[in-house]
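Student: sequence first, then the predicted structure:
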Amino acid sequence: MSKRRAQAAPPAAADPQGWGPEVGSRGDRRRGARRLLLLVFVAVLLAVLVVPFLASARLARMPVEGLASGGSPTHILLMGSDSREGLSPEEQRELSTGSADELTGERIDTILLLTVDRGEAAMLSFPRDLWVERCDGSVGRLNVASAIDGPGCLVDTIHEASGIRAHHAVRVTFGGFRDVVDAVGGVELCLEDAIADRDAGIDLPAGCQVLDGADALGYVRVRKIDDDFQRMQRQQRFVRALAREVTQPAVLFNPVAMWRLSGDAGDAIEVDRSMGVIDLAQLAWAGRSMAAGTVVSYTAPVDPRTTSGGAAVLDLRQPEAELLFARFRDGSVLLEAVDDGEPAEAAVARSDVLVTVANGAGIAGLAGRTANQLAALGYPIGEVTNAPPTVTTLVRYPPGEAAAARLVAGDIPGPTALEEAPDVDHVTVVLSPEAAT
């Protein structure tokens, strides 16, 4: 029985250029492109679906009474606790947290309400020294509420003050905050001025730098160099910067990095028992909005006063506070940021918006060129100046001028971040290198 002879392969097509056989036909390239698109699609699915499952399985849970159920938008209470839980005496000294013995119950250093719906988000900061009626009927500072009857007391107290009842709660301690920042390899921030505070344990120069967990904790805690308003702005700015780091492809699409992050977050962060995978996925989408700079940040309007005992506290300023709270309650605050993907600025005329342009990019002439471009669009230009380096273009605006700021942001090249800033009296643009593209 004869064996079948192997058929010889056809000769390779001649190459008139003399470079050898032709490779990578059009069909091959199409198949390669389809495979690449498939890989990208799978990676996105992993980031959106698998990561929340990982986080849900590994996060610590805490009981929280009084949370809302159902309805939209979703309100998530973010609490930065001064608890020294899990820190050794050496770590307490390293982080300049002081001793737990100095405290009479837990205090909340950071109180942020994150309102999310269909991928859009808005942040609302509550001052820790806000003078309110707390869940037990006592009157005093807001940040003491959790020491009275746990995080549920803070939920009830905020609801009584603002009419907003949180659906979920997230609590981060000093040690947990440090661990999350270190897990993503640090967070890059650009500081306009040097910050030194021995009590917070930081001595940071002006300019762009990567903060590790210990320095980041000091950055969001420091308050003796200015006031509570600047402190809350730092906290909001840091949350956005942290979101940018977490949503970097090097983290999102790296299984080892995501496993480590979910493990560190699981050890560092507590969430309420009802927070499920869908809630975490919604929170993850909100994080993407923060990273993209489309999240609008607000601070509860307040006025300072002195109590009969001589303590400096803050009262809600009405009716401004109630008007702001109502926009968070019904979710209309999200429509102010984005309406079907398009800026909702039709009622604002460029000719009515005074703009100061500051060069935080270190690129010679960028502020002048940008100011000329804005002037050509019809904006009146105030000052053209320099600013400390920034990695993201900031559009800073005084309270009540969010619509004007969003209009300006839409006319600035590159991604921008909006920031309500009581220390400016008109819209101020601080340019980053991204504005030169």
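Tutor: In hand now; what should we look at? Since this is a predicted model, take the numbers as computed values, not measurements. Residues are numbered from 1 along each chain as shown.
Student: where in the stretch 51-200 of the chain is pLDDT low?
Tutor: Residue ranges of the stretch 51-200 of the chain with pLDDT under 70: 51-58, 82-106, 175.
Student: and if we set it to 80?
Tutor: 51-60, 81-107, 109, 118-119, 173-180, 183-184, 191-193, 198-200 (pLDDT under 80).
Student: helices of that one, start to end?
Tutor: 51-58, 89-94, 145-149, 151-162, 174-183 (DSSP state H, counting those that start in this stretch).
Student: could you export stretch 109-122 as CSV, CA atoms only?
Tutor: Taking C-alpha atoms only, stretch 109-122 is exported to CSV below (Å, rounded to 0.1, in the frame of the first residue of the first chain):
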residue,chain,number,x,y,z
ASP,A,109,-12.9,64.4,59.7
THR,A,110,-14.4,64.3,56.2
ILE,A,111,-18.1,64.3,55.4
LEU,A,112,-18.9,64.0,51.7
LEU,A,113,-22.2,63.1,50.0
LEU,A,114,-21.8,61.6,46.6
THR,A,115,-25.0,61.7,44.5
VAL,A,116,-24.9,59.3,41.5
ASP,A,117,-27.3,58.4,38.7
ARG,A,118,-26.6,56.7,35.4
GLY,A,119,-22.9,57.3,35.5
GLU,A,120,-23.2,61.0,36.5
ALA,A,121,-22.1,62.3,39.9
ALA,A,122,-22.0,65.4,42.1
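Student: please name the nearest non-neighbouring residue to residue 139.
Tutor: residue 133 (5.3 Å; C-beta to C-beta, 6 or more residues apart in numbering). All C-beta atoms are positioned from the backbone trio N, CA, C, and that covers glycine.
Student: pull up the gap between that neighbour and residue 315, please.
Tutor: Taking C-beta to C-beta, to the nearest Å as the measure, residue 133 falls 12 Å from residue 315.
Student: break the protein into its domains for me.
Tutor: For the chain, automatic domain parsing gives the domain ranges 57-337, 350-436.
Student: turn those domains into a markdown table, including mean neighbour count.
Tutor: Converted to a markdown table, the domains of the chain look like this (neighbours: other C-beta atoms under 10 Å):
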| stretch | mean neighbour count |
| --- | --- |
| domain 57-337 | 18 |
| domain 350-436 | 19 |
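Student: that older thread, quick one: residues contacting the residue nearest to residue 139.
Tutor: By C-beta atoms under 8 Å, 6 or more residues apart in numbering, the contact list for residue 133 reads 139, 157, 160, 161.
Student: what does residue 213 give?
Tutor: Taking C-beta under 8 Å, 6+ apart, we find residue 213 in contact with 177, 178, 179, 180, 181, 182, 186.
Student: on the pLDDT front, check it for me.
Tutor: Residue 213 is assigned a predicted lDDT (pLDDT) of 83.
Student: enumerate every residue touching the closest residue to it other than its chain neighbours.
Tutor: Closest residue to residue 213 apart from its sequence neighbours, by C-beta to C-beta, 6+ apart: residue 178 at 3.3 Å. Residues in contact with residue 178 (C-beta under 8 Å, 6+ apart) are 95, 213, 214, 216, 217.
Student: equivalent analysis for residue 150, please.
Tutor: Residue 150 neighbours (C-beta under 8 Å, 6+ apart): 63, 64, 65.
Student: of those, closest to residue 424?
Tutor: residue 64 (37.1 Å; C-beta to C-beta).
Student: quick one, what contacts that closest one?
Tutor: 150, 151, 152, 155, 169, 272, 273.
Student: if we use 7 Å, what do you get?
Tutor: Going by C-beta atoms under 7 Å, 6 or more residues apart in numbering, residue 64 touches 151, 152, 155, 169, 272.
Student: list the contacts for the second one?
Tutor: Just to be clear, that refers to residue 152. Applying C-beta under 7 Å, 6+ apart to residue 152 gives the contacts 64, 65, 66.
Student: go on, the third one?
Tutor: When contacts are counted by C-beta under 7 Å, 6+ apart, residue 155 is found next to 64, 66, 67, 77, 165, 166, 169.
Student: now, those that are in strands?
Tutor: 77, 169 (DSSP state E).
Student: can you put the contacts of residue 155 in TSV and add distance to residue 387?
Tutor: Shown next, in TSV, are the contacts of residue 155 (distance: C-beta to C-beta, whole Å):
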residue	distance to residue 387
64	41
66	44
67	42
77	33
165	40
166	36
169	37
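Student: which one of the contacts of residue 155 is nearest residue 231?
Tutor: Residue 231 lies nearest to residue 77 out of the contacts of residue 155, by C-beta to C-beta, at 18.3 Å.
Student: what's the distance between the closest one and residue 377?
Tutor: According to C-beta to C-beta, residue 77 and residue 377 sit 40 Å apart.
Student: which residue, other than its chain neighbours, is closest to residue 181?
Tutor: residue 213 (4.0 Å).
Student: give me the distance between the one you found and residue 220.
Tutor: Distance, residue 213 to residue 220, using C-beta to C-beta: 11 Å.
Student: cool, residue 408 as well?
Tutor: Per C-beta to C-beta, residue 408 is found 28 Å from residue 220.
Student: now swap in residue 150 and tell me
Tutor: Computed as C-beta to C-beta, the residue 150 to residue 220 distance reads 23 Å.
Student: go on, residue 242?
Tutor: For residue 242, the distance to residue 220 (C-beta to C-beta) stands at 10 Å.
Student: got a list of what the closest residue to residue 140 other than its chain neighbours touches?
Tutor: Closest residue to residue 140 apart from its sequence neighbours, by C-beta to C-beta, 6+ apart: residue 134 at 6.4 Å. By C-beta under 7 Å, 6+ apart, the contact list for residue 134 reads 140, 145, 148, 153, 157.
Student: same deal with residue 408?
Tutor: Listed by C-beta under 7 Å, 6+ apart, the contact set of residue 408 reads 353, 355, 395, 427, 429.
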